[in-house]
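Trainee: sequence and computational prediction follow.
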Amino acid sequence: MQDLRNLKDEDLQGLSPEAVTALAQQMLQQIQRQAQDIRLKDAKLEKLTFELARHKAWKFGAKSEAMSAEQRRLFEETLTEDEAALEALLKQAQGTPPDDTAASSKRKPRRQPLPDHLRRVQHDHEPEDTACPSPGCGKPMVRVGEDISEKLDIVPAEFFVHRHVYGKWACRCCQRLVQEAVEPQIIDGGMPAAGLVAHTLISRFVDHLPYYRQEAINARSGVHTPRSTLAAWSGRGGAALEPLYDAHKRFVLSARVLHADETPVALLDPGRGKTRKAYVWAYARGAFDPVPGVIYDFCVGRGAQFPIAFLGTAQGGQDERSWRGTLVRDEYKAYDSVMSAEPGRTAAGCLAHARRKFDELLLDSGKSAVAEEALRRIAEIYRLERELSTLTSDERLSRRRSDAKPLWANMHAWLRLERGRVPEGSATAKALNYSLNHWEALTHNLRDGDVNVDNNSLENLIRPWAVGRRAWLFAGSALAGQRAASVMSLVQSAKLHGHDPWAYLNDVLTRLPTQLNSRIEELLPHNWQPAR
């Protein structure tokens, strides 16, 4: 439609008064429509600006104490998605190009360079004509430089086939046939190579994809892998890893300082058609250990007999294999029996659990001077511990005795004073009692520089189980649970050493069929080197 506001006087000459009146009405209607469009655009801009400001206020003003760590992470991810969408809509409404980096460079962090090991596909962009376009010139131009822009892309998982051809050679004189022996495979006579078995295990136990989802994903590439087949591959692969799991257990339990914790997992009970509660017990080498490692043990219960059996007991006739050292754990009663089962064991407490008691008190009561003061004093200890984390064991112990010990002593005196002021049986009394009753274990770090003040390092290593049980819901059997524990022990330990889980498991499953038992330790995560 022609913009009537651009009409000139000469355009109106020769028109009748009725025509001029009609044009004036059309012009008025056009101006009114444009004014309405401007009002709508302004209203949309105002709404988007308000929504963006509100999301930023939520993002930077939300109190972390009001939600769990998982809720906070999900909340922040959702806000990031919403913020990006709102900014894109706002730019559209303003007519700003979406790639306007000049306006955003001041507030966006510098992008990390893309890894060097990634395959590069180069696209050259050169002018069609390199002659000078200036009038009267036309001389050939000289290339004086280039600008490089890298974009990250992905190709979905590619299935390919290893075609093994074994030539047959015969001697017509001797009637003798010679052929190379078949290479041992992790699943002899089966379809999957080691890489596919490793991929199935990683998808199940690292990415927590149930087999029916893996089946659908593989089908998109035209590969038919029923969930029963995937489960069979995992079973065979997990069984092959058992000797490596046993060797890894010996390595983890060789540490003088050990962390222990447990988390519930649903276990299917076919007889009742329901699930019952089982537990995964986790044990990790000390938080300051230069060679980290973690191992999981799937158990049908939470009783003390399970960690006692795993760690060994002198009373059971396994004195040479019983673990001795300092065990960092919470104050669950079963650990008392674990400590008494072997005379060479010492208990160390968890400051994070003590802090949690006061944090819960503050959340329940809304305001508690005792809880606030306790959290402040504990924060001072943590602030110092962050400074000491990079020191050697002797240096850390020396600084603890000079700097941390007074903080602990002052807090102990304050806890005893406050305990005398609060009534028996109150929530505040219970929070104070937790720290006072376990004070010797809580302060064991003041006597050993290799002992951490809390058990948080192991709690982080248990988190994959919490994520996984939301995906696969329950373990189908105790054997399946222990198989998951075996695979996750090796994979999570490999991640602690910076290994790619699939690369590690693929190489291990390739080498296991021919690996000597006397050299099995070479395949442990802390010793592993990729085969050439």
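Mentor: Great, that's in hand.
Trainee: tell me the pLDDT at residue 95?
Mentor: What the model reports as pLDDT for residue 95 is 69.
Trainee: quick one: the helices in the stretch 401-532 of the chain, in order.
Mentor: 405-419, 427-437, 439-442, 456-472, 478-496, 501-511 (DSSP state H, counting those that start in this stretch).
Trainee: got the buried residues for the second one?
Mentor: So that's helix 427-437. 427, 428, 429, 431, 432, 434, 435, 436 (16 or more other C-beta atoms under 10 Å). C-beta here means a position set from N, CA and C on the backbone, and glycine is covered the same way.
Trainee: swap in stretch 377-392?
Mentor: The neighbour-count check on stretch 377-392 (16+ other C-beta under 10 Å) flags 377, 378, 381, 385, 388 as buried.
Trainee: CA atoms of that stretch as PDB?
Mentor: Extracted in PDB, the C-alpha atoms of stretch 377-392 (Å, rounded to 0.1, in the frame of the first residue of the first chain):
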ATOM      1  CA  ARG A 377      31.700 -19.800  63.200                       C
ATOM      2  CA  ILE A 378      31.600 -22.900  60.900                       C
ATOM      3  CA  ALA A 379      32.000 -20.600  57.900                       C
ATOM      4  CA  GLU A 380      35.200 -19.300  59.400                       C
ATOM      5  CA  ILE A 381      36.600 -22.800  59.600                       C
ATOM      6  CA  TYR A 382      35.600 -23.500  56.000                       C
ATOM      7  CA  ARG A 383      37.200 -20.300  54.800                       C
ATOM      8  CA  LEU A 384      40.500 -21.300  56.400                       C
ATOM      9  CA  GLU A 385      40.200 -24.900  55.000                       C
ATOM     10  CA  ARG A 386      39.900 -23.500  51.500                       C
ATOM     11  CA  GLU A 387      43.200 -21.800  51.900                       C
ATOM     12  CA  LEU A 388      44.800 -25.000  53.200                       C
ATOM     13  CA  SER A 389      43.500 -27.300  50.500                       C
ATOM     14  CA  THR A 390      46.600 -26.900  48.300                       C
ATOM     15  CA  LEU A 391      49.200 -27.400  51.000                       C
ATOM     16  CA  THR A 392      51.000 -30.600  51.800                       C
END
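Trainee: can you list contacts of that stretch?
Mentor: 288, 351, 354-355, 358, 395-396, 399-400, 403-404, 407-408, 410-411, 414, 449, 452-453 (C-beta atoms under 8 Å, 6 or more residues apart in numbering).
Trainee: buried residues of stretch 168-185, list them for me.
Mentor: residue 185.
Trainee: return the helix or strand in the chain with minimum mean pLDDT.
Mentor: Ranked by mean pLDDT, DSSP states H and E, the weakest helix or strand in the chain is helix 101-104, scoring a mean of 40.
Trainee: roughly how far does the closest residue to residue 226 other than its chain neighbours sit from residue 491?
Mentor: Excluding its sequence neighbours, the residue lying closest to residue 226 (C-beta to C-beta, 6 or more residues apart in numbering) is residue 215, at 6.3 Å. Distance, residue 215 to residue 491, by C-beta to C-beta, to the nearest Å: 22 Å.
Trainee: which intervals of the stretch 401-532 of the chain have sub-threshold pLDDT?
Mentor: 471-474, 532 (pLDDT under 70).
Trainee: dihedrals phi and psi, the nearest residue to residue 485 once chain neighbours are set aside?
Mentor: Spatially, and ignoring its direct neighbours in sequence, residue 485 is nearest to residue 296 (3.9 Å; C-beta to C-beta, 6+ apart). Here is the backbone geometry of residue 296 (degrees, to the nearest 10): phi -110, psi 150.
Trainee: quick check, residue 296 in contact with residue 281.
Mentor: Yes. Counting by C-beta atoms under 8 Å, residue 296 touches residue 281, with 7.0 Å between them.
Trainee: and the two? which has more neighbours close in?
Mentor: residue 296 (27 against 20; other C-beta atoms under 10 Å).
Trainee: just the element for residue 251, please.
Mentor: helix 242-252 (DSSP states H and E).
Trainee: in that helix, what's buried?
Mentor: Quick answer for helix 242-252 (16+ other C-beta under 10 Å): 244, 245, 247, 248, 249, 251, 252.
Trainee: what does stretch 24-32 give?
Mentor: In stretch 24-32, counting by 16+ other C-beta under 10 Å, buried: nothing.
Trainee: distance from the chain centre to it, please.
Mentor: 61 Å (C-alpha atoms, centre = their mean, to the nearest Å).
Trainee: can you show me the CA trace of stretch 417-424 as PDB?
Mentor: What follows is the C-alpha trace of stretch 417-424 in PDB, where atoms were taken according to Å, rounded to 0.1, in the frame of the first residue of the first chain:
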ATOM      1  CA  LEU A 417      27.600 -22.100  77.000                       C
ATOM      2  CA  GLU A 418      24.600 -22.100  74.700                       C
ATOM      3  CA  ARG A 419      23.700 -25.600  75.600                       C
ATOM      4  CA  GLY A 420      23.300 -24.600  79.200                       C
ATOM      5  CA  ARG A 421      20.900 -21.900  78.200                       C
ATOM      6  CA  VAL A 422      18.400 -23.800  76.100                       C
ATOM      7  CA  PRO A 423      15.700 -26.100  77.500                       C
ATOM      8  CA  GLU A 424      16.100 -29.900  77.300                       C
END
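Trainee: got a list of contacts for it?
Mentor: With contact meaning C-beta under 8 Å, 6+ apart, stretch 417-424 is reached by 370, 428, 429, 432, 433, 436.
Trainee: isn't the fourth one right next to residue 411, touching?
Mentor: This means residue 432. No. If you go by C-beta under 8 Å, residue 432 and residue 411 don't touch, sitting 11.0 Å apart.
Trainee: which helix or which strand is home to residue 254?
Mentor: Residue 254 belongs to no helix or strand, assigned by DSSP H and E.
Trainee: now it: how far from residue 430?
Mentor: Residue 254 is 38 Å from residue 430, where distance means C-beta to C-beta.
Trainee: okay, the angle between the helix holding residue 251 and helix 478-496?
Mentor: Between the axes of helix 242-252 and helix 478-496, defined by axes from the mean of the first three to the mean of the last three C-alpha atoms, to 10 degrees, the angle is 60 degrees.
Trainee: which outside residues touch helix 242-252?
Mentor: By C-beta under 8 Å, 6+ apart, the list of residues contacting helix 242-252 reads 258, 283-285, 293-295, 486, 489-490, 493, 508, 512, 517, 520-521, 523-526.
Trainee: remind me what the next helix-or-strand element following that helix packs against, helices and strands.
Mentor: For helix 242-252, the following helix or strand on the C-terminal side (DSSP H and E) is strand 257-269. Helices and strands touching strand 257-269, as assessed by 3 or more C-beta pairs under 8 Å, 6 or more residues apart in numbering; DSSP states H and E, comprise strand 274-285, strand 325-328, helix 456-472, helix 478-496.
Trainee: buried ones in the first one, by neighbour count?
Mentor: Spelled out, that is strand 274-285. Result for strand 274-285 [16+ other C-beta under 10 Å]: buried residues 278, 279, 280, 281, 282, 283, 284, 285.
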